[in-house]
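Asks: no sequence for this one, just the structure:
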């Protein structure tokens, strides 16, 4: 299926609905007094678009808009993920004090725009679209990061983010230009055929890929393109941090998979992916993965600021996700998809608790969590423990299942070294996650620590997230089925 | 013997005392409050006497049978049956064990009765009797158990009771220490014992007859011939292992150290456990497994040598002791030495005979000393006694009789039994003149120190202070009765085992079915007489020296004690410093190792563990260093420069971007170079 | 020799390196942004050159146009942020404000 | 060596030279201005490559837009009254080193790479074609770009109108 | 109920946990009784199991098998055989008694009992699970409650102890996860079903791997997997180099938790080895367990004994005595003789009861005197005769006195050991002497001697405490007199287990 512009429109509902919502918000922002309505509107819009997305399942996959974007299960999956991220983050923002102090109209606009950008990142089938969508997400992210007024941290973070983004995407398009030069086309399918028929120069191809990885990598936050994340995560308003940590991470994974798997590798039987021989991109990624998880965990060890700590743990998890990619095998990719969902849930949950505590104490340091369980916030504390242990990867929590599939893929392909490194990392990570749990439960509050109350809104969201974390830990059958059948690329 | 006669009453011999122990142990405290000490003593003594009666019945039962049929068994239930290991809880009785149970229950009963009087003031009366009963139970189990494991249960059980009774007055640190010593030393012996069991079992198992029951071991004993482990004959090794156990229980060198300290316990305990019964378990065990020992001549000689050495060794120590009970303790050790000498020359019958007679007179002596101590108000130092014969006639006469017996005065039990052993030591094919000679010397020493004790305690002037003298009194009937009976025993018991020249030994006949005929090269009767006279002479010599020293005081003890500048005296008096040496080596050594182990745990293993954690932390700290230090440095340098206009703009963070970008670019370049280098 | 694809690519490479260089060495946010612009331009040169020599269509040129557009957008945002910082530092006492990493 | 070649080299030198100044100049104002040279040079190169429309866009947006923005920023953040206007850079030597290696690698690779060759090299006015493509084949990216610009617009407003809130 | 009795036993406590969570926070007694009621049914069912367990059948019994995640062939598969039955009984008993031992907890009562019940479920699950995945889940589920129970309700250094325990165990279990997956992907078709994996044990290669260090060691896939699993289990046992978490954890944990730790958790290590390493990787077992495991066990015995001797803290002493006693289990397992392996499993059971008693007793005195310093007591026998009596039983059982359960298992283990490696047997037997040494010394210092004026008025042990102790004491005595009460349950399965490994012994 290869549709032109007009024919494509009827497969374009989700994007259309989302864009409509965005414009609507911009308009209403001018007239509406209560900004709460905007949030609800945003939620409604993304729900609607979510429904539309699910509605698109079952339609024959294919190209839209003259081979600009692809409609297939893979893109649909990531659309769902980014919508969920946006949805939950908007919900989270409702209960966040930081957000109440800023211009929410613009805030929600930009947030949804970013989500829209992620749509295209997941579905672009063309170097140009890839670049555009990436930039769309990036620019919106800069803005979101710098959203807090008169907060130098936020602004500085935004600046830093911008500079990294600029350099990274610049490097990326330079690399893309080489690919273009070697294949004479921007279209993924074309690239694939050209690469596999012609005899492209291995070295230049390798360099081009490394450059491109710079662009993708700083979205997925892996070493050495990770440096921005701690500052940005710490500086940005917490819901934004949450959004970046799950959303742009997922979108980056999507675009990376889309480019490196269907575009420049071939699917062999048995679900293995053959890469262009002589281009040791997987080896590069293998090392990157190990370094990433190790560095992330080590840095996380002595962090005092929880957002910063979660940033580093996010880096580590990027490393885990890469594990699934380097095995060049469908099992690995499936594991990655599953992990993306799980990570979304548990990480958002963790950030939600951060928001709840920050609402009351205005602090993000671990000290603010001293004896949380005994300060009338037993439930958030317990949920936080659940999320953190799930991040560590302990059964019977979702995180374990995610890790389990990743390990499974790695071991099945016999990457034992990688597995061992991952084990050691798991143990290290337990150390700092348990450190937080210790502060919440094993330490007892000082009289100075004010109690933490919880609003209905937040506790509802918290309940949902923690319930999901446990549920997917015990019965993940349907979810894994969904993620598995989401790994369907449309290739022609 | 192939078809043992099943009975179902033997178990009661064992269980009656257990019953008493359980009742007293669980309810004793209450009963004592409610019903008083009488009830306790009734509950305690009745079962033992009951057991005695049943034993007598069993004895008659045996007598009624043909000699080679004399064998009853009472099987209860399978205790352990795993693979080839099949162990029943079963009791058996044959002439040998019959003798033992009669001794145990009989003398034990008497001592129980004696204790009623002796312990009367003690407030944890019930506890004492509970343990006494428990001990009787364990001892009977040891004797009647039809397999090595069951015997081992009794073996350790008696150890436990002796531990508990030595430390009966646990408020005093000395007593508990003595208890620990006894238990641990015994444990060392038991350790050997167990290994012996294992060795026997597995060796027979290889032959397809893995077993630990005595009868079957006897049946298959010959299979052990020619079996070797570590180049040593299995029979030899096994018997040696078991013998380690025997040395522990029976206080032979090198494990004798616990017995003297064991005198810390109440005197009846010393009498029952540390003289009459428990300590003879080793001898009994060897007799029980005589077929194995007879297969291992080397072991036999070891046993004999150890025995005679111990006999002399202990005797020399006994010469110098002043504590009335310690003297008896050492004499016990040395008498046990004689028994082992007997066993060592394959004269098991003689050994058992001496065991029995010794049970009588030694119990009598201990109980006598007990009644003395009782009268002296707890005083145990003989130098503070003297002239008690007027104050306590019964005690005096019974004591004298048993001293005569142990001293080997002709026609007393001790005379016959000890002489039997000495004769066998001389004449049996395992014996030798040397063994005999040493034995005789020992006999002389025995006579000396026993009479020394007699004179010091009962003759001459009383050296105690007035307060004590006023309270001197004969003990109550309940205490003197047993003394009398035992005294009679220590004369009469000998007559069932007369030497050949006086018409042969009933006792030996009785044990024949067990040990079989031991036809030793029979030297002429005259030589036996000669030897007998010789030993009697030596004993008499000992008696006279004691007489002149301590009765007439015409020879001053210092004459001897100052020999060789008193070196010998000090050596004997300090028990050859064995305790000190052991303490230095074993106790200290163990504690040292313990400390080392704990140290390793704390400082090495944990160090490694924490170390790995620390390194991780360190690495992460290094990262932090890079993050915080390098970058902050840049930040602050940068801060002043980014927006030059700014005192205002200090510490603006864009600087670290560069360093980060360095890293990125460096990594990329590196990757490319590596790529070129390795797969170009 | 005739001017070929390589010449253009080399120019692109040089610009790229110079951009990276200034990004590496500059301490000044704005200068770094300039460096980024250089990088983008170098990429653009490549695209146009490739579309001229390699592909018989104008895809490359279009790509370049988009890049320019986005560069403008990015520059706008970036400079807005720079100004924001500037504003903050006019209004806020820097000593009071705490830096990102403490 | 004919005229066009010479011309090309001239443009190339302008481009690279001014880029060098951008990178190395100690004075941010100089950098900013010489950036103009680079942009112009690049536009010239586009002309050489027969991309007239792109060249035009380059001149309009870069020189007319971005550069002005940058200069504004420089002016706003540096009080002109100040005499000496520095633009210090640190760690030049290591940077030069790394970059040097990097450039060498790039050039080497570029030379030994076999880039695809098109059949015929076209020199035709491209504006019309590009316009058509925007409305036909590249419609979606076009719309997307507009969305990006919208977002950037809002973002710029949000970010820079902060001082108004007070 | 009877057809899925094991599930009931496993999940009833969890149901209890939910009830407890619903109860009001400050109704301590409600919570306590609720948890007691939650742990009672498993105990009753355990008795029922004991009655209805087919002793002749070496195979699995009371099996339940439902698909769970069919896509990955993961099942809910539970069942017991001779290897696990004794542990199941022990778990049921100890968890019930420990509820009463925890009566004194007055801080965060609700949380404590909730976690305790969760822990109970986890433990029971580990022993009944026959699906590797399920096994792993339960295995890890125990970690969290344990961490909090030690960390929140523990002693002064509780945080250190808790995190140490946590890290150690997690490290082990992640290694185990790797091994599990390795086995999973070697099986054909992929399965976590232990019985299946055992049936396919021939698939796991034993030829030496090509790369260092395995080429040197001559280790094949099977050996590596064996080692990975073994380390995971050895940490729980705890075998020598991995044991240092134990003293800390024990000393800091509240009484009941120490009991559970020593009584149940330690057994999981040895249980795992018997359940998984032995039948699944027989050849590696033959190569590695033979001598290596035996020597390790012997070393544990002696090393633990010496460490115990040096301790000043009563609880730490008991902890190290566990290290020593678990050594017997390892030695027994390594003998591959009927006597040895039966003795080992019996020793697991006995150690559970005996050490359980010991920790309870330490707890009793700690509640009264508020310290556990061995030197700090003395003469307790005169003050608390009953307490002392019970203690004596426990201590003597622990030093293997005949007539008490400890003796049987130790003798069986040593008997088995003699046949395979006499030297180790001799060393191990010497451990008995050492044990007697430090235990008697402790008795003397704590219970005997002159009365310590400070504690003249210590109250005698109370009914509740006796209620927790007496049943264990009775079991200890019964098993000493009639060991077949338990041995009969084990024998057939363990013999079968031996049969699997013995053919591979070189």
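Replies: Done, it's in. Since the structure is predicted, the reported quantities are computational estimates derived from the model, not experimental observations. Residues are numbered from 1 along each chain as shown, chains lettered A, B, ... in the order given.

Asks: and residue A:274, what element?
Replies: strand A:273-275 (DSSP states H and E).

Asks: got a list of contacts for that strand?
Replies: A:261, A:264, A:265, A:266, A:267, A:268, A:281, A:282, A:328, A:329, A:330 (C-beta atoms under 8 Å, 6 or more residues apart in numbering or on different chains). Yep, even glycine has a C-beta here, placed from its N, CA and C like the rest.

Asks: that one pairs with which strands?
Replies: strand A:265-267 (antiparallel) (DSSP bridges).

Asks: gap between the helix or strand where residue B:286 lies and the chain center?
Replies: With secondary structure defined by DSSP H and E, residue B:286 is part of helix B:281-288. The chain centre lies 13 Å from the centre of helix B:281-288; the measure is C-alpha atoms, centre = their mean, to the nearest Å.

Asks: what do you get for stretch A:396-415?
Replies: On C-alpha atoms, centre = their mean, the centre of stretch A:396-415 falls 19 Å from the chain's centre.

Asks: strands of chain C, start to end?
Replies: In chain C, no strands are defined using DSSP state E.

Asks: need the residues that contact the very next helix or strand once past the helix holding residue B:286.
Replies: Toward the C-terminus, helix B:281-288 is succeeded by helix B:290-295 as the next helix or strand (DSSP H and E). With contacts defined as C-beta under 8 Å, 6+ apart, helix B:290-295 is touched by B:200, B:217-218, B:221, B:224-225, B:235, B:238-239, B:242, B:286, B:299-300, B:303, B:343, B:346, B:348, B:514-515.

Asks: go again using 7 Å as the cut-off
Replies: The set of residues external to helix B:290-295 that reach it, using C-beta atoms under 7 Å, 6 or more residues apart in numbering or on different chains, is B:218, B:221, B:224-225, B:235, B:238-239, B:286, B:299-300, B:346, B:348, B:515.

Asks: follow-up on the earlier one: which among the contacts of strand A:273-275 count as buried?
Replies: A:261, A:264, A:265, A:281, A:282, A:328, A:329, A:330 (16 or more other C-beta atoms under 10 Å in any protein chain shown).

Asks: point out where the chain drops to low pLDDT.
Replies: I'll assume chain A. Counting by pLDDT under 70, the ranges of chain A that qualify are A:492.

Asks: actually chain D
Replies: For chain D (pLDDT under 70), the answer is D:1, D:77-91, D:118-123, D:161-166.

Asks: helices of that one, start to end?
Replies: Ranges of helices within chain D are D:3-24, D:28-48, D:52-57, D:67-77, D:92-112, D:127-135, D:139-160, based on DSSP state H.

Asks: does the fourth one reach chain C?
Replies: What it means is helix D:67-77. Yes: for helix D:67-77, a contact with chain C is found by C-beta under 7 Å from any C-beta of the partner chain, at D:69, D:70, D:73, D:74, D:76, D:77.

Asks: what residue in chain D comes nearest to chain E?
Replies: Closest to chain E within chain D is residue D:105: 33.4 Å, counting by C-beta to the nearest C-beta.

Asks: that residue against residue B:670, yeah?
Replies: No: using C-beta atoms under 7 Å, residue D:105 makes no contact with residue B:670, being 11.2 Å away.

Asks: those two - which one has more neighbours?
Replies: Of the pair residue D:105 and residue B:670, residue D:105 is the one with more neighbours under other C-beta atoms under 10 Å in any protein chain shown, namely 19 against 11.

Asks: quick revisit: out of the contacts of strand A:273-275, which is nearest to residue A:192?
Replies: Nearest to residue A:192, judged by C-beta to C-beta, of those is residue A:264 at 6.4 Å.

Asks: surely the closest one and residue A:193 touch.
Replies: No: the criterion here is C-beta under 7 Å, and residue A:264 misses it with residue A:193 at 11.0 Å.

Asks: SS state for residue E:406?
Replies: helix (DSSP: H, G, I helix; E, B strand; the rest coil).

Asks: ok, how many other residues are close to it?
Replies: Residue E:406 has 29 neighbours, counted by other C-beta under 10 Å.

Asks: ok, now which ones touch it?
Replies: By C-beta under 7 Å, 6+ apart, the contact list for residue E:406 reads E:350, E:354, E:397, E:398, E:400.

Asks: 10 Å instead?
Replies: E:325, E:328, E:346-347, E:350-351, E:353-354, E:394, E:396-400, E:432, E:435, E:476, E:479-480 (C-beta atoms under 10 Å, 6 or more residues apart in numbering or on different chains).

Asks: looking at those residues, which are in strands?
Replies: Per DSSP E, those never map to strands.

Asks: any idea how far the closest residue to residue E:398 other than its chain neighbours lies from chain A?
Replies: Leaving aside its sequence neighbours, residue E:398 sits nearest to residue E:354 (C-beta to C-beta, 6 or more residues apart in numbering or on different chains; 5.0 Å). Noted for residue E:354: a distance of 31 Å to chain A, by C-beta to the nearest C-beta, to the nearest Å.

Asks: so which of the helices of chain D comes closest to residue E:382?
Replies: Minimum separation from residue E:382 across the helices of chain D (C-beta to C-beta) falls at helix D:92-112, 81.0 Å.

Asks: one step back: just name the closest of the buried ones among the contacts of strand A:273-275 to residue B:274, please.
Replies: Closest approach between these and residue B:274, by C-beta to C-beta: residue A:329, at 79.0 Å.

Asks: report the separation between the single nearest residue of the stretch 301-450 of chain A relative to chain B and chain D.
Replies: In the stretch 301-450 of chain A, the residue that lies nearest chain B is residue A:301 (3.8 Å; C-beta to the nearest C-beta). Counting by C-beta to the nearest C-beta, the gap from residue A:301 to chain D is 29 Å.

Asks: in this model residue A:434 seems to touch that residue, though I could be wrong.
Replies: No: here residue A:301 lies out of contact with residue A:434, judged by C-beta atoms under 10 Å, at a distance of 11.6 Å.

Asks: neighbour count: these two, which is higher?
Replies: When residue A:301 and residue A:434 are compared for neighbours, residue A:434 comes out ahead with 24 against 20, by other C-beta under 10 Å.

Asks: am I right that the more buried one is in contact with residue E:160?
Replies: No: with contact defined as C-beta under 10 Å, residue A:434 does not count as touching residue E:160 (12.0 Å).

Asks: what about the nearest residue to residue D:37 once chain neighbours are set aside, how many neighbours?
Replies: Leaving out its chain neighbours, the residue that sits closest to residue D:37 by C-beta to C-beta, 6+ apart is residue D:18, at 3.0 Å. When neighbours are counted by other C-beta under 10 Å, residue D:18 registers 23.

Asks: show me the helices in the stretch 401-550 of chain B, by range?
Replies: Remark: helices assigned in the stretch 401-550 of chain B by DSSP state H, counting those that start in this stretch are B:413-427, B:433-458, B:466-471, B:477-492, B:506-515, B:525-546.

Asks: next, count neighbours for residue B:240.
Replies: Neighbour tally, residue B:240, other C-beta under 10 Å: 19.

Asks: pLDDT score for it?
Replies: Per-residue pLDDT puts residue B:240 at 89.

Asks: now for the host helix or strand of it, which elements pack on it?
Replies: According to DSSP H and E, residue B:240 maps onto helix B:234-249. If you count contacts as 3 or more C-beta pairs under 10 Å, 6 or more residues apart in numbering or on different chains; DSSP states H and E, helix B:234-249 packs onto helix B:148-166, helix B:173-206, strand B:228-229, strand B:232-233, helix B:281-288, helix B:290-295, helix B:297-320, helix B:324-344.
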